[in-house]
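S.K.: Turn this into a model:
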Amino acid sequence: MRSLPNLFLIGPMGAGKSTIGRLLAAELQREFLDSDHQIEARCGANIPWIFDVEGEQGFRDRETAMLDELTRRDDIVMATGGGAVMREENRGILRERGTVIYLATTVEQQIRRTARDRNRPLLQNTNPEKVLRDLFAVRDPLYRATADVIVRTDRRGPKSVVNEILRRVSRLSEPLKVQRSLSQQR
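M.R.: Numbering: from 1, shown residues only. Have a look, this model is predicted:
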């Protein structure tokens, strides 16, 4: 499986991008990167603080720069932040530099998985469910348009999701292997 391209996980908060990404990277013996964690490490501040000080626009600028940098590495599995697909530039970077996997989940599952998480600035309000539904309405079409593979994660164990990703991504790379083989024979 070393011939697989970089794998980029997209999807809403609470879909399991970090958990599944770590397992997937371990299975492939690749480096795992979480773009949000990389931003925090670079800034020396957490995302809620960045949102407070720089606003969402400032955070999104940092996110685009980080995605551009990280996607240039080889042999990585990367989890993106839930809003990474909001910019066309980010969607292009991801599509051009690897295989994009949309970890799809329901809003109900997101609510269960994010209920106690205080590190999600967009949910720090009186009606997080409404926020998640509104975000889903805007972002789901962008996730779908960006993804090479869509995998549902609700009510499934992370290992089951990883196995499905490996099966589906290896099928995607088969035409590439055949094409390379044919071009080498010429």
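S.K.: what's the offset of the top strand by length along the chain from the middle of its chain?
M.R.: For the chain, the strand that runs over the most residues, judged by DSSP state E, is strand 99-104. With C-alpha atoms, centre = their mean, to the nearest Å as the basis, strand 99-104 stands 7 Å off its chain's centre.
S.K.: Name every strand pairing with it and say which way it goes.
M.R.: strand 7-10 (parallel), strand 149-152 (parallel) (DSSP bridges).
S.K.: in whatever helix or strand residue 93 lives in, what counts as buried?
M.R.: Here residue 93, judged by DSSP states H and E, is contained in helix 88-97. By neighbour count on 16 or more other C-beta atoms under 10 Å, the buried set for helix 88-97 is 90, 91, 93, 94, 97. Every C-beta, even on glycine, is put in place using the N, C-alpha and C of the backbone.
S.K.: and the strands paired with strand 99-104, which is most packed in?
M.R.: Burial of those is given as mean neighbour count (mean count of other C-beta atoms under 10 Å); strand 7-10 ranks first at a mean of 27.
S.K.: thinking again about what came up before, could the buried residues of helix 88-97 go into CSV alongside distance to residue 153?
M.R.: Converted to CSV, these look like this (distance: C-beta to C-beta, whole Å):
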residue, distance to residue 153
90, 21
91, 21
93, 23
94, 19
97, 23
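S.K.: For residue 132, which residues are in contact?
M.R.: 12, 13, 107, 110, 111, 114, 123 (C-beta atoms under 8 Å, 6 or more residues apart in numbering).
S.K.: What subset of those residues is buried?
M.R.: Looks like the contacts of residue 132 have 12, 13, 107, 110, 114, 123 buried, using 16+ other C-beta under 10 Å.
S.K.: where's the residue nearest to residue 32 when sequence neighbours are not counted relative to residue 141, distance?
M.R.: Leaving aside its chain neighbours, residue 32 sits nearest to residue 25 (3.5 Å; criterion: C-beta to C-beta, 6 or more residues apart in numbering). According to C-beta to C-beta, to the nearest Å, residue 25 and residue 141 sit 28 Å apart.
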